[in-house]
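> Any chance you could fold what I've pasted below:
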Amino acid sequence: MHASDVLVTLGLLPGAGSFRASLPAGTEFDAAPGDDAVLRLDGGDGAEVVLTGTIGVLRRGLLGMDATGSDAGALLGRARSAGTFEQQDAAKVIRSLASDAGAGTGTIDIDLPLAVFVAHQGRTSAEHVASLAALGGCIAFIDADGALNVRPVPERPEMALRYGREILSYQTMSLPAPEVQQFMIGNGTAGSVQAPDALHPNFERLPGSAATPGPSARWRPAPVIRTASDASNASEAATQSAAAATRTVRVNCFLLPALRPGMVVQVQDLPSGLSGDGWLVTRVRHRMHPDLGATTVFEGVAADAGSLLGGLLSALGGLL
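Here you go, the predicted structure:
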């Protein structure tokens, strides 16, 4: 079915992917809210699946009809679990939260053992998944087929764009490199999540040698962490995430249906002074409009934050 105007917005969790498609009056459309939906866009190289989800709202008028919907991120965003998980790693917890919300899973590649995790109702399941992913140094997103994926940031670019070919406009923003170490403060002194005392939090913090909180060190509570190694890994991931956010990009391109959040993109042949190496895509907007044409706008942060930190990560590692 062909739409006269299509807008698709995609993002990393805890955000949800959504679409709006405008159809001319008289179009035969027998779907109803709650029905499955698959949205394909053609950027000139054949139709590509952009979003798989469900129809949410139908608006009908004399001149046409609008259909809106969302992907599985909305299911996770509506769900508020009340589960407690013992001796299960983050991957098992994430799969369980997705199953309870009615969302399928794809690749769940996260190394984060947990002694106990309480999926309290103060957060949505999407927020719980995004939080666990961040503690494990990963990102969480919904793929084109509607499945939840959790994985580390890709080490190499997965798509190459070229100035003068796909790029219509290109803008970066740089902030001062962070000088604050991020410490994810856990509880207890257990050597492993299977240790008898791992389920008993105490007043001893992890990591025990964390710098005193102040202008150069920020403490962030993470009571789910019960081992020193997990505290070290989570603190390094948080520090790198803060560094990545100091370099951002916003790019307007010709329609690129295959471009998705969670990908690392390299932009080549840019004019002198502009950097195009390694952007982690965090948000994508596809638009097809009869007057405005077919475009993709994406936003991203630095994919390799290590180069922005100078000696900060080394100092962090020494403290941990």
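
> where along the stretch 101-250 of the chain do the helices fall?
125-135, 228-244 (DSSP state H, counting those that start in this stretch).

> Any chance of a markdown table for those, columns mean neighbour count, distance to Pro290 and mean pLDDT?
Using the backbone N, CA and C atoms, a C-beta is placed for each residue, glycine as well. Listed next are those as a markdown table, based on neighbours: other Cβ atoms under 10 Å; distance: least, Cβ to Cβ, whole Å; pLDDT from 0 to 100:
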| stretch | mean neighbour count | distance to Pro290 | mean pLDDT |
| --- | --- | --- | --- |
| helix 125-135 | 23 | 34 | 97 |
| helix 228-244 | 22 | 38 | 90 |
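
> out of those, which comes closest to Leu75?
If you check each of the helices of the stretch 101-250 of the chain against Leu75 by Cβ to Cβ, helix 125-135 wins as the nearest, at 8.2 Å.

> With only the CA atoms kept, save that closest one in PDB.
These are the backbone C-alpha positions of helix 125-135, laid out as PDB (Å, rounded to 0.1, in the frame of the first residue of the first chain):
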ATOM      1  CA  SER A 125      10.600  -2.300  31.400                       C
ATOM      2  CA  ALA A 126      12.200  -0.200  28.600                       C
ATOM      3  CA  GLU A 127      14.000   1.800  31.300                       C
ATOM      4  CA  HIS A 128      15.100  -1.300  33.200                       C
ATOM      5  CA  VAL A 129      16.500  -2.800  30.000                       C
ATOM      6  CA  ALA A 130      18.300   0.400  29.000                       C
ATOM      7  CA  SER A 131      19.700   0.700  32.500                       C
ATOM      8  CA  LEU A 132      21.000  -2.900  32.500                       C
ATOM      9  CA  ALA A 133      22.500  -2.300  29.100                       C
ATOM     10  CA  ALA A 134      24.300   0.800  30.200                       C
ATOM     11  CA  LEU A 135      25.800  -1.000  33.300                       C
END
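
> what packs against it?
For helix 125-135, the packing partners by 3 or more Cβ pairs under 8 Å, 6 or more residues apart in numbering; DSSP states H and E come out as helix 72-78, helix 90-101, strand 116-119, strand 138-142, strand 147-152, helix 228-244.

> Can you list the buried residues in stretch 36-48?
By neighbour count on 16 or more other Cβ atoms under 10 Å, the buried set for stretch 36-48 is Ala37, Leu39, Leu41, Gly43, Glu48.

> Actually, stretch 88-100.
Quick answer for stretch 88-100 (16+ other Cβ under 10 Å): Gln88, Asp89, Ala90, Ala91, Val93, Ile94, Arg95, Ser96, Leu97, Ala98, Asp100.

> so what's the fourth one up against?
Right, Ala91. Ile108, Asp109, Ile110, Leu112, Val150 (Cβ atoms under 8 Å, 6 or more residues apart in numbering).

> for those residues, which one is nearest His200?
Using Cβ to Cβ, those come closest to His200 at Leu112, 19.8 Å.

> and the closest one, what is it in contact with?
Neighbouring residues of Leu112 by Cβ under 8 Å, 6+ apart: Asp89, Ala90, Ala91, Leu132, Leu135, Gly136, Asp230.

> Between all of those residues, which two are separated the most?
Most distant of the contacts of Leu112, by Cβ to Cβ, are Ala91 and Asp230, 14.2 Å apart.

> Would you agree Ala32 is in contact with Arg60?
No - using Cβ atoms under 8 Å as the test, Ala32 is too far from Arg60 to be in contact (12.0 Å).

> Between the two, tell me which one has more neighbours.
Counted by other Cβ atoms under 10 Å, Ala32 and Arg60 do not tie: Arg60 has more neighbours, with 12 against 8.

> what sits opposite the more buried one in the beta ladder?
Met65 (DSSP bridges).

> and what of Leu41?
With beta bridges defined as DSSP bridges, Leu41 has these partners: Glu48.

> Relative to Ile94, how far out is it?
With distances taken as Cβ to Cβ, to the nearest Å, Leu41 is found 29 Å from Ile94.

> Next: Arg80.
Arg80 is 16 Å from Ile94, by Cβ to Cβ.

> One more: Ala47?
In terms of Cβ to Cβ, Ala47 sits 31 Å off from Ile94.

> So what's the gap between stretch 197-211 and the chain middle?
Relative to the centre of its chain, stretch 197-211 is centred 29 Å away, using Cα atoms, centre = their mean, to the nearest Å.
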